[in-house]
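Colleague: Below is the structure, and that's it, no one-letter string:
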Ligand code: 5RP
């Protein structure tokens, strides 16, 4: 379970800086998690106090509820095919800006939303920077419940890492995603140059809806905003 209060100041600095990149008239993808939440709150403030006019698409139930609470206008994901910008957190960021996402089990909708975006900004605290993905987090696979036996068997045959079915909190049994599926966390440790091929390979397993490696859809250089109270302006950009 993630510690949602860890590095709060850095997360807030990153979230606020990202929200301030958004311009009136834009359609904005809203990420999931504690860092993206700071961006959503700042967007709400800008709408209320600075006449920012935006429409938003949410990557999860959590992001949608928070956005509505902050006074943001939400449009259904299936009503749009292109966004001006999206802002989201990450669990790990490697030197080539490949990501692991899905700590909140929202990576499928997150990938859809970021694939629609002209610009994808990642917001994070410094603890998310690693030299190689898999340093601290497993790679989550969203899996159709009926396919769990097959997916587990194929991954075992591939001998690519330890697996664990993610367990829910506040309920017995597995975590169920917003899409009604389960999450299998797989211990993987790809070098930056291997991430895109691994992302493709995992998605070829029947029953895997989406995996949490973001190499095909990663931020461009300069679009990873790392909150850092010591840095000028409170952020660094990777
Ligand atoms: C949710 C995600 C989150 O963006 C990721 O887990 C980072 O969360 P936080 O900002 O709370 O550390 O991918 O699926």
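Modeller: Okay, I see it. Bear in mind the structure is a predicted one, so any value in this text is a computation, not a measurement. Numbers count the residues shown, from 1 in each chain.
Colleague: Residue numbers of this protein in contact with the ligand?
Modeller: Counting by Cβ under 6 Å from any ligand atom, the residues of the chain close to the ligand are 2, 4, 31-36, 88-91, 101-107, 110. Just so you know, the C-beta spots here come from the backbone N, C-alpha and C atoms, and that holds for glycine as well.
Colleague: Among those, which ones are in strands?
Modeller: Members of those lying in strands (criterion: DSSP state E): residue 88.
Colleague: And the residues of the chain next to the ligand, which of them are buried?
Modeller: Buried members of the residues of the chain next to the ligand, counted by 16 or more other Cβ atoms under 10 Å: 31-36, 88-91, 101-107, 110.
Colleague: Point out the ones among those that are inside helices.
Modeller: Among those, the members found in helices (DSSP state H) are 34, 35, 36, 107, 110.
Colleague: wouldn't the second one be in contact with residue 127 here?
Modeller: No - because the distance of 10.9 Å does not satisfy Cβ atoms under 8 Å, residue 35 is recorded as not touching residue 127.
Colleague: Can you pull the poorly scored residue ranges out of the protein?
Modeller: Scanning the chain for pLDDT under 70 picks out 1-6.
Colleague: domain parsing for it?
Modeller: Structural domains assigned to the chain are 8-130+217-237, 139-211, following automatic domain parsing.
Colleague: Show me the helices in the chain, by range?
Modeller: Taking DSSP H, the helices of the chain run over residues 8-19, 34-50, 61-69, 107-115, 148-158, 195-203.
Colleague: Can you lay out the ones you listed as a markdown table showing distance to residue 181?
Modeller: Output for these, formatted as a markdown table (distance: least, Cβ to Cβ, whole Å):
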| stretch | distance to residue 181 |
| --- | --- |
| helix 8-19 | 27 |
| helix 34-50 | 21 |
| helix 61-69 | 14 |
| helix 107-115 | 8 |
| helix 148-158 | 9 |
| helix 195-203 | 14 |
